[in-house]
Each structure stands twice: as C-alpha cells, then as structure tokens.
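# Sequence and predicted model, in that order:
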Amino acid sequence: MSTPLFWLGVGCVLWLLGLHGLLTLRNAVRRIIAINLMGSGVFLVMVALAIRERPGDPVLVALVVTGLVVAVSATALALRLSGQLARARKGDA
C-alpha cells in the first residue's frame, strides 16, 4: 500500500475533491478550505513522484516544503481578507 502509484492516486482524488468544493460551495471559508485541499493533493502527487526512485529527488521535496510555507501564508491572508469582507458587508467596517 505504500507504493508511489497509490499515493499518486490519493493525491489526484484529493485534488478532485477540492475542485468539486471550489466549484460548488459559496461560503468563503469553505472555498479556502477547498483550495487548501487541492494544494494538499498537489503536494502529495509531488512527493509520490519524488519517491519513485530509491534515493528520492531532493528538488521536488524542497519544492513541497517551500509550497507548504507559501500555502500557510496564503491561507492566513485569504482568511484575513474574507473576515474583513464579511465585516464590510455587515456594515461594521
């Protein structure tokens, strides 16, 4: 069960679930979670591609680590902006 092909499939399923959520949900926070789910699927696919060889590809692993940092920062920014937008719509700005 720990073959790279299995994890490649799991990453693709995660990405598709996130895409479905992004296209069908209307709540901003839920859409942000769907985008994070898509990102997690992409990271999982990249790690599966990195471990298909015995020593692993350090470039793909470094890209995943960098992508995780960027994803956390983008999520924090998106949540802050969605909170400000919700307050502005209520009139509490």
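Perfect, thanks for sending it. Numbering: from 1, shown residues only.
# Quick check: residue 90 vs residue 54, distance?
Distance of residue 90 to residue 54, computed by Cβ to Cβ, to the nearest Å: 56 Å. For the C-beta atoms, the positions are set from N, CA and C on the backbone; glycine is no exception.
# Looking at those two now, which is surrounded by more residues?
residue 90 (8 against 5; other Cβ atoms under 10 Å).
# What does that one show for phi and psi?
Dihedral pair for residue 90: phi -70, psi -20, per degrees, to the nearest 10.
# Pull up the gap between it and residue 83, please.
Distance, residue 90 to residue 83, by Cβ to Cβ: 11 Å.
# What is the end-to-end distance of stretch 16-33?
13 Å (Cα to Cα, to the nearest Å).
# switch to numbering from 158
Done: numbering now begins at 158, and the last item shifts to stretch 173-190.
# List the buried residues in it.
175, 178, 179, 188, 189, 190 (16 or more other Cβ atoms under 10 Å).
# same deal with stretch 197-217?
Neighbour-count burial for stretch 197-217, counted by 16+ other Cβ under 10 Å, picks out 197-208, 217.
# Equivalent analysis for stretch 230-246, please.
For stretch 230-246, by 16+ other Cβ under 10 Å, it's residue 235.
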